[in-house]
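*Asks:* below: sequence and its predicted model.
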Amino acid sequence: MGREFNELFEEWSHSYDQTVSGDDAEYKEVFSNYEEILTAVADRAKGTVVEFGVGTGNLTTKLVDHHLHVIGIEPSVNMRKIAQSKLPNVKIIDGDFLEFHVIEDIDTFVSTYAFHHLTDEEKGIAIAKYSERLNPNGRIVFADTVFMSDEAKQDMITESESRGFNRLAEDLQREYYTTIPVLKNLLEKNGFTVSFTQLNRFVWLIEAQLKGEKNHD
C-alpha cells in the first residue's frame, strides 16, 4: 500500500521542503517547475477534494487558496504534524491511497509525487476504488514521475548512474514507477478518459475524468 516507504518519509520530513526547492542536486530535475506543477494540479481540481500524500502541505495550501474543500490523507506522522501546523483548519488524517476513511462525497482525487509508491497491481485496485467513490462528474488529477516506456525508464536509470546520481538511480529502481501505457489502460478499463501532459523530464500531469462528463473548462 506504499506504507513500506513510511520510514523514509519520517526521516525526509525535516528536509523535504529544501529538497523540492532544488537544494538537492540529484533531485533538482525531478522537482524542476515544482510550484508550477502544484498549481497545474490545483487549477484542475474542483469541489470536495481528497489529497493523497499531503506531505508538508504544499499542494494542500494551493488547494485551500483555490477555495476548495480539502481532506488530506497522509500516512507519515511527522509529515502530518508539519502539514497540520501550516494548515490548522484543514482535516488531515492517517491513511493512504488504498485505505482512507472519508465519508464526504468526493469530486476530485489529487496527488503529487506519490502514486509511484503503489505497485501496478495496487494502482489498479486504487483506481477501481476511486471510480466507485467519485461523484458522477468526478476526476483524478495526479502529477507523478512516469515514463513513456520501460526502455525510457531504464535509459533514465543509466543516465543517473553515469552522472553519479546513485541515490536517484536506486530510487528509480526501488519504487514502483510505471509507464504511461500501463496507467492509461488501468484508467480506461475503470471508466475514465485520460490525458497526459509532460511537466518536466520526470513528471507528467495525469488528468482522468469519468466518462460521460461534459467538460466546461
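*Replies:* Received the coordinates, thanks. Numbers count the residues shown, from 1 in each chain.

*Asks:* ok, and what's touching the host helix or strand of residue 61?
*Replies:* Secondary-structure assignment from DSSP states H and E places residue 61 in helix 58-65. Outside helix 58-65, the residues that touch it by Cβ atoms under 8 Å, 6 or more residues apart in numbering are 17, 20, 38-39, 41-42, 45, 49, 51, 54, 70, 72, 83, 86-87, 90, 92, 110, 112. No exception for glycine: its C-beta is placed from N, CA and C like everyone else's.

*Asks:* now do the helices in the protein.
*Replies:* Under the criterion DSSP state H, the chain carries helices at the ranges 6-12, 16-20, 34-44, 58-65, 77-86, 120-133, 150-162, 166-174, 180-188.

*Asks:* so what secondary structure elements neighbour the last one?
*Replies:* Helices and strands touching helix 180-188, as assessed by 3 or more Cβ pairs under 8 Å, 6 or more residues apart in numbering; DSSP states H and E, comprise helix 120-133, strand 192-198, strand 203-210.

*Asks:* tell me what angle the first one forms with helix 180-188.
*Replies:* Interaxial angle of helix 120-133 relative to helix 180-188 (axes from the mean of the first three to the mean of the last three Cα atoms, to 10 degrees): 30 degrees.

*Asks:* just to revisit the earlier point, between the helices and strands packed on helix 180-188, which one is closest to residue 30.
*Replies:* Evaluated with Cβ to Cβ, these place strand 203-210 nearest to residue 30, the distance being 7.2 Å.

*Asks:* what angle separates the closest one from helix 120-133?
*Replies:* Between the axes of strand 203-210 and helix 120-133, defined by the same axes, to 10 degrees, the angle is 40 degrees.

*Asks:* next, format the helices of the chain as JSON lines and append mean pLDDT and mean neighbour count.
*Replies:* Conversion of the helices of the chain to JSON lines gives the following (pLDDT from 0 to 100; neighbours: other Cβ atoms under 10 Å):
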{"stretch": "helix 6-12", "mean pLDDT": "53", "mean neighbour count": "15"}
{"stretch": "helix 16-20", "mean pLDDT": "65", "mean neighbour count": "16"}
{"stretch": "helix 34-44", "mean pLDDT": "97", "mean neighbour count": "18"}
{"stretch": "helix 58-65", "mean pLDDT": "97", "mean neighbour count": "20"}
{"stretch": "helix 77-86", "mean pLDDT": "91", "mean neighbour count": "18"}
{"stretch": "helix 120-133", "mean pLDDT": "97", "mean neighbour count": "17"}
{"stretch": "helix 150-162", "mean pLDDT": "98", "mean neighbour count": "14"}
{"stretch": "helix 166-174", "mean pLDDT": "95", "mean neighbour count": "16"}
{"stretch": "helix 180-188", "mean pLDDT": "98", "mean neighbour count": "17"}
